[in-house]
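Asks: Predicted model follows, preceded by the sequence.
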Amino acid sequence: MLYQGKTTEQNRLASLCIFHCIIMYFSIAKHSNTHGLNLVLGKTGEKSRVMYVGHENNGFDISPKDTKILRGMLDNQ
């Protein structure tokens, strides 16, 4: 996928699937806490990455094998 005027890195980023998630935690005391997560879903055979919003430099890599499993779970939704 090529876009005129964009760098190779911009082309790569434009072709990624990015999910923005909100995780809510509830306790018995009815206090809740939330975290925002970004999931950059890699293509088949590539790794993915999950990061807390605001902490994108400290993300966690997901192996290509686990990316395949994650893609399968998301495709079934």
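Replies: Sure thing, it's come through.
Asks: Select the longest helix from the chain.
Replies: Secondary structure of the chain per DSSP state H: the longest helix is helix 64-75.
Asks: Run through the bridge partners of the spatially most central residue of the chain.
Replies: With distances taken as CA atoms, centre = their mean, the residue of the chain nearest its centroid is Leu39 (0.9 Å). Beta bridges link Leu39 to Phe19, Val50, judged by DSSP bridges.
Asks: Next, the contact list for it, please.
Replies: Under the criterion of CB atoms under 8 Å, 6 or more residues apart in numbering, the contact list for Leu39 reads Ile18, Phe19, Cys21, Ser48, Arg49, Val50. All C-beta atoms are positioned from the backbone trio N, CA, C, and that covers glycine.
Asks: likewise Ile62?
Replies: Counting by CB under 8 Å, 6+ apart, Ile62 makes contact with Gly42, Lys47, Ser48, Arg49, Val50, Leu70.
Asks: between those residues, which is nearest Asn33?
Replies: Val50 (18.0 Å; CB to CB).
Asks: which of the contacts of Ile62 are buried?
Replies: Among the contacts of Ile62, the ones that count as buried by 16 or more other CB atoms under 10 Å are Gly42, Ser48, Arg49, Val50, Leu70.
Asks: What helices and strands are in contact with the longest helix of the chain?
Replies: Contact analysis of helix 64-75 by 3 or more CB pairs under 8 Å, 6 or more residues apart in numbering; DSSP states H and E lists strand 32-41, strand 48-52 as its packing neighbours.
Asks: Quick check: which of these is buried the most?
Replies: strand 48-52 (a mean of 17; mean count of other CB atoms under 10 Å).
Asks: chain center to that one, what's the gap?
Replies: 5 Å (CA atoms, centre = their mean, to the nearest Å).
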